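In: What follows is a protein structure lacking sequence information:
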Ligand SMILES: [Zn+2]
């Protein structure tokens, strides 16, 4: 059942039931603790909207310029890291729906991944922005789990927080995506160092040369 991990402010454990937070396994069909499953979620949340990548603006909060620009940044990340895909969903999450199980349900039922991208083959990063409350949550598929930890997603959400609180959704997406790219570049350096493929110093030099000035996005909106 559980095919995504998640990060929100209060979450820092690995695979857990999205409803009760009890430890869970990918191979269980329902949570042993509370009985949560996607089928149960279907019954309480109804029919999931058909979403698409890179950006599904269900709430209709993005202007044309902001949407194009944010999509451009997402594509840039995907070009740099073709192993993963990024989906951003902006929607009013029903007020009675708890955010984490709802996001989990959207991740699995929103048609963001194809049928073959199950379990370890799923390398989707989803950013869900609740436009009714300015909350945001990020989840990754199992295929990314060995690499992208909660701490990385937290950092991406943190980057999106300020623009989100100002209602600047496009900028929030851009900040999230840019931070994700930064985190992934750091991870690549780390992985290569761990396998002894590169000298640390060379990578440090390279990353410093490619650093972009912070705050560039701010002036665009
Ligand atoms: Zn549970």
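Out: Right, received. Where do you want to start? Nothing here was measured: the structure is a model prediction, and the numbers come from that model.
In: Those residues of the chain touching the ion, which are they?
Out: 17, 19-20, 22, 31, 33-34, 36 (CB under 5 Å from the ion). To be clear about C-beta, it is placed using only N, CA and C from the backbone, and glycine gets the same treatment.
In: Make JSON lines out of those residues and add secondary structure and pLDDT.
Out: Formatted as JSON lines, the residues of the chain next to the ion follow (DSSP: H, G, I helix; E, B strand; the rest coil; pLDDT from 0 to 100):
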{"residue": "17", "secondary structure": "coil", "pLDDT": "87"}
{"residue": "19", "secondary structure": "coil", "pLDDT": "85"}
{"residue": "20", "secondary structure": "coil", "pLDDT": "87"}
{"residue": "22", "secondary structure": "coil", "pLDDT": "87"}
{"residue": "31", "secondary structure": "coil", "pLDDT": "90"}
{"residue": "33", "secondary structure": "coil", "pLDDT": "89"}
{"residue": "34", "secondary structure": "coil", "pLDDT": "89"}
{"residue": "36", "secondary structure": "coil", "pLDDT": "91"}
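In: List buried residues within the residues you listed.
Out: Neighbour-count burial (16 or more other CB atoms under 10 Å) is assigned, among these, to 17, 19, 31, 36.
In: So which bits of the helix or strand hosting residue 161 are buried?
Out: Residue 161 belongs to helix 150-165 when assigned by DSSP states H and E. Neighbour-count burial for helix 150-165 flags 150, 152-157, 159-161, 163-164 (criterion: 16+ other CB under 10 Å).
In: Can you give the distance from the lengthiest helix in the chain to the centre of its chain?
Out: Of all the segments of type helix in the chain, defined by DSSP state H, the longest one is helix 169-194. How far helix 169-194 lies from its chain's middle: 12 Å, per CA atoms, centre = their mean, to the nearest Å.
In: Repeat that for stretch 61-71.
Out: Per CA atoms, centre = their mean, the centroid offset for stretch 61-71 relative to its chain is 18 Å.
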